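1. please work out how this folds:
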Amino acid sequence: MGDSVASRPLLIALPRLVVTQQAVGYVTGLLFVYALGHCALMLAARTFTGLVQAFAQSRGLTAFSERLRQALGLLLVGAGGFLIWQA
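-> Numbering: from 1, shown residues only. Predicted structure coming up:
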């Protein structure tokens, strides 16, 4: 567990729980579950990176994403024109 903004409240609250209620086993369990969840997210992200890269580089998806990008660009230009017309 690094010292990040997301983990800071946990790392402040749990030692306070140990001091006030002497719940060492409970806090140890909570920290263990937090660490498992944190590592599971990183493991899942690392596992599916190669799959997503292979999927993104497929020829059919590349052509589709280009057409989708063009269509959404036209939609954005149209929405901007409509807002300017309304003003």
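2. domains of this protein?
-> 1-56, 58-87 (automatic domain parsing).
3. compare the mean pLDDT across those domains and name the weakest.
-> Sorting the domains of the chain by mean pLDDT places domain 1-56 lowest, at a mean of 81.
4. what distance separates it from the centre of its chain?
-> Relative to its chain's centre, domain 1-56 lies at 14 Å (CA atoms, centre = their mean, to the nearest Å).
5. so which other helices or strands are in contact with the helix ranked longest in the chain?
-> Ranked by residue count, the top helix of the chain under DSSP state H comes out as helix 24-56. Here helix 24-56 touches helix 8-21, going by 3 or more CB pairs under 8 Å, 6 or more residues apart in numbering; DSSP states H and E. Where you see a C-beta, it was placed from the backbone N, CA and C, and this is true even at glycine.
6. so which bits of the helix it packs on are buried?
-> Leu14 (16 or more other CB atoms under 10 Å).
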